[in-house]
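Visitor: Compute the structure for the input listed below.
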Amino acid sequence: MVIIIKEFIVGADIGGTWIRVALCTSDLKEENIITKVAQTPKDNELSISSTVISLITQLLIENNIDKEQVLGIGLASAGPLDAETGEVFNNANLGFKEIPLKKPIQERFPGVPIYLINDGNASVLGVHYFEASDDEKDNLVYITVSTGIGGGVICNGHLLLGKDGNAAEIGHGIVNRQSNFQCNCGAYGCWEVYSSGTGVKNLALDAIKTTKLSSKILMYMIDNDESKITAKEIFQAKRGGDKFS
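Guide: Numbers count the residues shown, from 1 in each chain. Next up is the predicted model:
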């Protein structure tokens, strides 16, 4: 009798607000995906990899899976990053100059191949392989807008990486050279300052101090506590007719 052992793939999405880890059978069928989510910690440089390790371990234990059944672990992180060293560096939203990702996870799961890629690149690859039609998939531009802004590009069937894998970090392109608003990356006038979730919130916090427009709906939604303002509340207030939003 031949015993067939199921094999699995693990993926982790590391963003400025949330870390999501998914476990899937090697056939990559959507109905076989199981996920866990945690808020992105900002305690120290190792807290992010520790959270990823914890989520992966929970998924394996809860589903009675041995690490020997894991074919590989893919890490998709907000950049900039160095895929060779496995580190994220100078990330505007993760909060540290250097964040080791690959090494701590490799130490916890020795023998399991681990790959690190920019999250925008991972997203455009997902669209390329699983969503785009045959006449679209070889030339794609993907833009992600969340805590920050990132992107990924497929050109003539190839992933556009650049020298170090960060070619499509478009959130830090300058859109206003006269801007007084400084991005977390240190530059002034980045697109991310104006259009990311963090940027929208920060612009609102700055403008609400001097605006003459009514912000009654927004303030009601946040219980008159400006610290509770997020991009989500601003957009919801706008739909409700809030003039400031």
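
Visitor: now the strands: where do they sit in the chain?
Guide: 8-14, 18-25, 34-39, 70-77, 81-82, 87-89, 98-100, 114-118, 140-145, 149-155, 158-159 (DSSP state E).

Visitor: Report the angle between the third one and strand 18-25.
Guide: Going back to what we said before, that points to strand 34-39. In terms of direction (axes from the mean of the first three to the mean of the last three C-alpha atoms, to 10 degrees), strand 34-39 departs from strand 18-25 by 170 degrees.

Visitor: Identify the neighbouring strands of strand 34-39 in the sheet and state each direction.
Guide: strand 18-25 (antiparallel) (DSSP bridges).

Visitor: ok, and what's touching the partner strand?
Guide: Residues outside strand 18-25 that contact it (C-beta atoms under 8 Å, 6 or more residues apart in numbering): 6-13, 32-40, 48, 51-52, 55-56, 59-60, 63, 65. The C-beta positions use only the backbone N, C-alpha and C, and glycine is treated the same way.

Visitor: Quick one: buried ones out of those residues?
Guide: 8-13, 36, 40, 48, 51-52, 55-56, 59-60, 65 (16 or more other C-beta atoms under 10 Å).

Visitor: and which of those residues is nearest to residue 234?
Guide: Checking the buried ones among the contacts of strand 18-25 against residue 234 by C-beta to C-beta gives residue 40 as the nearest, at 21.2 Å.

Visitor: And the closest one, how close does it get to residue 55?
Guide: Between residue 40 and residue 55 the distance is 12 Å, computed by C-beta to C-beta, to the nearest Å.

Visitor: and if you look at residue 65?
Guide: 14 Å.

Visitor: same thing with residue 90?
Guide: In terms of C-beta to C-beta, residue 90 sits 25 Å off from residue 55.

Visitor: and if you look at residue 42?
Guide: Where residue 55 is concerned, residue 42 sits at a distance of 17 Å (C-beta to C-beta).

Visitor: what mean pLDDT does stretch 63-70 have?
Guide: The average pLDDT for stretch 63-70 rounds to 94.

Visitor: Tell me the gap between it and the middle of its chain.
Guide: 26 Å (C-alpha atoms, centre = their mean, to the nearest Å).

Visitor: list the contacts for the nearest residue to residue 162 once chain neighbours are set aside?
Guide: Distances taken as C-beta to C-beta, 6 or more residues apart in numbering place residue 168 nearest to residue 162, at 7.9 Å, with adjacent residues excluded. Going by C-beta under 8 Å, 6+ apart, residue 168 touches 118, 120, 121, 124, 150, 151, 152, 153, 160, 162.

Visitor: For residue 231, state which of those residues is nearest.
Guide: residue 150 (16.0 Å).

Visitor: Distance check, the closest residue to the closest one other than its chain neighbours against residue 81.
Guide: Nearest residue to residue 150 in three dimensions, chain neighbours excluded: residue 120, at 3.7 Å (C-beta to C-beta, 6+ apart). Computed as C-beta to C-beta, the residue 120 to residue 81 distance reads 11 Å.

Visitor: out of those two, which sits in the busier spot?
Guide: A side-by-side neighbour count of residue 120 and residue 81, using other C-beta atoms under 10 Å, places residue 81 first with 29 against 26.

Visitor: Is it correct that the more buried one is in contact with residue 169?
Guide: No: checked against C-beta atoms under 8 Å, the pair residue 81 and residue 169 is beyond contact range at 9.7 Å.

Visitor: Overlap in contacts, the two.
Guide: With C-beta under 8 Å, 6+ apart as the test, residue 81 and residue 169 both reach residue 118.

Visitor: re the thing from before, pick the one among the contacts of residue 168 closest to residue 230.
Guide: Closest to residue 230, out of all of the contacts of residue 168 and judged by C-beta to C-beta, is residue 150, at 19.2 Å.
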